[in-house]
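Chemist: Okay, predicted coordinates and the sequence, questions at the end:
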Amino acid sequence: MKTVRVRVAPSPTGDPHVGTAYIGLFDYVFARSRNGKFILRIEDTDRTRSTPESEQAIMESLRWVGLQWDEGPDVGGDYGPYRQSERSEIYRAHTQMLLEADKAYRCFCTPERLTEMRDRQRKEKLPPKYDGRCRELKPEEIENNLSEGKPFVVRLRIPPHGYVSFTDKIRGLVQIATEQIDDQVLLKSDGFPTYHLANVVDDHLMEITHVIRAEEWISSTPKHVLLYEAFGWEMPQFIHMPLLRNTDKSKISKRKNPVSLLWYKDQGYMPEALLNFLGNMGWSFSDGREIFSLDEMIADFSWDRVGTTGPVFDITKLDWMNGMYVRQLSPEKLTSRLLETALAGRDVGRERLLRIAPLIQERITKFSAEEFDAMSDFFFIGADQLEYDPGLLAPKKTEPADVAPALQKMRERFDALDAWETQPMEDAIRALADEIGWKAGSLFMCVRIAVTGRKATPPLLESMVILGKDESLKRMDNAIEKAQALL
RNA sequence: GGCCCCAUCGUCCAGCCUGGCCCAGGACACAGGAUUUUCGAUCCUGGAACGAGGGUUCGAAUCCCUCUGGGGUCACCA
């Protein structure tokens, strides 16, 4: 059995895309499950749009989610170079082979003529297709054009009749009439190959056994099949994964969905969760579980369980899943993640955070500064910086005038406590509530506002322990003062 | 528009290949309840789908056909 070799082949033209991680995940999982190789190939044949920054970001993001490749531009390998812009000679030589075998031809048509041609075809409601003007140029004409230095492209000569078919591993037989296929440009006038040529040549030379890519490529696969045939090469297995969708079912896009992996990182999503979420798109674990690690997915993976319907990318479920992952973290790991993501660049002491983090663990869904602050900013400011509406201090169904005296008594009881621990505090609160005829919950809320300035907080008593007695009492004092205004 | 792909709860999936165990199961979200010092987490309960029409069959979510719907693609972009 041949060694499984798969590749993910992003084009470095912008932010790293979730779709790349999605396809990469299945490449990776399949390769690992079959003891194969996972390769990263950079398809930078579009000279105007490709940038080194984008390539860098793609590699960093793929590593961030945890998909490490065995061969690639940075780590090398026996089938390099892995950057298409460095393989120009290879494509030129292969184009030459095709030209000599008359499987391809030079086309001297100008872009202007082609645009005009398509406009005409559209007007006449004909399918837009190259009209074949240069298909049968005489050798002399070609020589002339060449010596005049006219720019040209090389097109694949598609047989005018017949059918092309291929078997997709998860979809079955796909067949199409060659009339439907255009004489695809293989080599652009700038000497660079198009996706189609480079892709086929590289997949063959790199001995790729399974071409895993998105559904949007199905319609160009017949061209690739014809190319393999023209070269006389063995065909890889084709597997077209379903396309990730927006809510309106269209192909996932920037305008309707966060699509950049950088965004997910910034938002504080855990890469494990993102990958797990992606693993549930189009694939399902054999026992139905939805939370699984990469290794578990590898152990259970099979193409039989890959579906063909395009899943809507619904971030709501990702949020839930991320929350599940967050809650599984140990206090130490939780603290580390917070420090390196939500709190990156802030001066927060690790020891103190180690005590706070567990209190907010089940209250945040991701490691964003927003969520962290919403939950715990009161820990990081002084008593005098605490701002809130004094009205909040008064519980429902109590006389506003009673609030200040109640807080005053509470402060005294707190101050008299032998130990600044949760149990004595709770006892004191309940006892006082009883004495003044308040519901315990009301007194809790009153103190909560006094100490945190918020209605929704982490557990109050634990928070006060962390704040310390002095700080807590100071906040009580300020609250008493504010409560005077309620009279 | 041509061609191609797809079609189960609002969403993600299971079931379909090898018809009956499915008046369709799980998860997210939503609603209600329990618990609780708030929020959250947790637990319980609930509503919620086989696109339509024809076949085949004793029997169809499952097989076949048509229609409808959605999507992709038709570049010297990938």
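Modeler: That came through fine.
Chemist: which residues does the closest residue in space to A:Leu262 that isn't next to it in sequence contact?
Modeler: In space, and not counting its chain neighbours, A:Leu262 is closest to A:Asp15: 5.8 Å by Cβ to Cβ, 6 or more residues apart in numbering. No exception for glycine: its C-beta is placed from N, CA and C like everyone else's. Contact partners of A:Asp15, counting by Cβ atoms under 8 Å, 6 or more residues apart in numbering, are A:Ser54, A:Ala57, A:Val259, A:Ser260, A:Leu261, A:Leu262, A:Trp263.
Chemist: Which member of those is positioned nearest RNA strand B?
Modeler: A:Ser54 (11.3 Å; Cβ to the nearest atom of the strand).
Chemist: so who does A:Arg92 touch?
Modeler: Applying Cβ under 8 Å, 6+ apart to A:Arg92 gives the contacts A:Leu187, A:Gly191.
Chemist: That one: which element?
Modeler: helix A:88-100 (DSSP states H and E).
Chemist: Please apply the same query to A:Gln68.
Modeler: A:Gln68 is part of no helix or strand when elements are defined by DSSP H and E.
Chemist: domains of chain A?
Modeler: A:88-241, A:330-377, A:383-484 (automatic domain parsing).
Chemist: Switch those over to TSV; also include mean pLDDT and distance to A:Ile39.
Modeler: Output for the domains of chain A, formatted as TSV (pLDDT from 0 to 100; distance: least, Cβ to Cβ, whole Å):
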stretch	mean pLDDT	distance to A:Ile39
domain A:88-241	94	6
domain A:330-377	93	29
domain A:383-484	92	47
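Chemist: The helix holding A:Arg92 close to RNA strand B?
Modeler: No: for helix A:88-100, no contact with RNA strand B is found by Cβ under 7 Å from any atom of the strand; the gap never falls below 10.7 Å.
Chemist: next one: stretch A:353-369
Modeler: Yes: counting by Cβ under 7 Å from any atom of the strand, RNA strand B is contacted by stretch A:353-369 at A:Glu362, A:Arg363.
Chemist: how far is that stretch from where the chain is centred?
Modeler: The chain centre lies 23 Å from the centre of stretch A:353-369; the measure is Cα atoms, centre = their mean, to the nearest Å.
Chemist: likewise stretch A:377-390?
Modeler: That offset, for stretch A:377-390, works out to 36 Å (Cα atoms, centre = their mean).
Chemist: near RNA strand B, anything from it?
Modeler: No: figure legend: stretch A:377-390 not in contact with RNA strand B (Cβ under 7 Å from any atom of the strand); closest approach 11.5 Å.
Chemist: Could you tell me which residues within that stretch count as buried?
Modeler: By neighbour count on 16 or more other Cβ atoms under 10 Å, the buried set for stretch A:377-390 is A:Phe378, A:Phe379, A:Ala383, A:Leu386, A:Tyr388, A:Pro390.
Chemist: Could you tell me how far the helix holding A:Arg92 lies from the centre of the chain?
Modeler: Worked out by Cα atoms, centre = their mean, helix A:88-100 lies 37 Å from the chain centre.
Chemist: Alpha carbons of stretch A:316-332, as CSV, please.
Modeler: Coordinates of the C-alpha atoms in stretch A:316-332 are reproduced here as CSV (Å, rounded to 0.1, in the frame of the first residue of the first chain):
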residue,chain,number,x,y,z
THR,A,316,-23.2,30.1,18.8
LYS,A,317,-22.3,26.4,19.1
LEU,A,318,-18.6,27.3,19.0
ASP,A,319,-19.2,29.6,22.0
TRP,A,320,-20.7,26.8,23.9
MET,A,321,-18.0,24.4,23.0
ASN,A,322,-15.3,26.8,23.9
GLY,A,323,-17.0,27.3,27.2
MET,A,324,-16.8,23.5,27.8
TYR,A,325,-13.1,23.6,27.1
VAL,A,326,-12.5,26.6,29.3
ARG,A,327,-14.2,24.9,32.2
GLN,A,328,-12.0,21.8,31.9
LEU,A,329,-8.8,23.8,32.4
SER,A,330,-6.9,23.5,35.7
PRO,A,331,-6.4,26.8,37.6
GLU,A,332,-2.8,27.0,36.4
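Chemist: Wait, A:Pro390 touches A:Glu481, no?
Modeler: No: under the criterion of Cβ atoms under 8 Å, A:Pro390 makes no contact with A:Glu481, lying 9.1 Å away.
Chemist: hang on, the earlier thing: turn the domains of chain A into TSV, including distance to A:Asp319.
Modeler: Below are the domains of chain A laid out as TSV (distance: least, Cβ to Cβ, whole Å):
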stretch	distance to A:Asp319
domain A:88-241	24
domain A:330-377	5
domain A:383-484	18
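Chemist: picking that back up, out of the contacts of A:Asp15, which are buried?
Modeler: Applying 16+ other Cβ under 10 Å to the contacts of A:Asp15 flags A:Ser54, A:Ala57, A:Val259, A:Ser260, A:Leu261 as buried.
Chemist: quick one on the thing from earlier: buried ones in the helix holding A:Arg92, by neighbour count?
Modeler: Here helix A:88-100 shows A:Ile90, A:Tyr91, A:His94, A:Thr95, A:Leu98, A:Leu99 as buried, counting by 16+ other Cβ under 10 Å.
Chemist: Next SSE downstream of that helix?
Modeler: strand A:104-107.
Chemist: What is that following strand packed up against?
Modeler: Counting contacts by 3 or more Cβ pairs under 8 Å, 6 or more residues apart in numbering; DSSP states H and E, strand A:104-107 packs against helix A:88-100, helix A:139-147, strand A:153-156.
Chemist: Distance to A:Tyr325 added to these, as TSV?
Modeler: Listed next are those as TSV, based on distance: least, Cβ to Cβ, whole Å:
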stretch	distance to A:Tyr325
helix A:88-100	43
helix A:139-147	61
strand A:153-156	48
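Chemist: how about the strands in chain A?
Modeler: Ranges of strands within chain A are A:5-8, A:37-40, A:104-107, A:153-156, A:163-168, A:172-177, A:185-187, A:210-214, A:237-241, based on DSSP state E.
Chemist: Now tabulate the ones you listed in a markdown table and tack on distance to RNA strand B.
Modeler: Shown next, in a markdown table, are those (distance: least, Cβ to the nearest atom of the strand, whole Å):
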| stretch | distance to RNA strand B |
| --- | --- |
| strand A:5-8 | 11 |
| strand A:37-40 | 13 |
| strand A:104-107 | 8 |
| strand A:153-156 | 5 |
| strand A:163-168 | 7 |
| strand A:172-177 | 4 |
| strand A:185-187 | 4 |
| strand A:210-214 | 8 |
| strand A:237-241 | 7 |
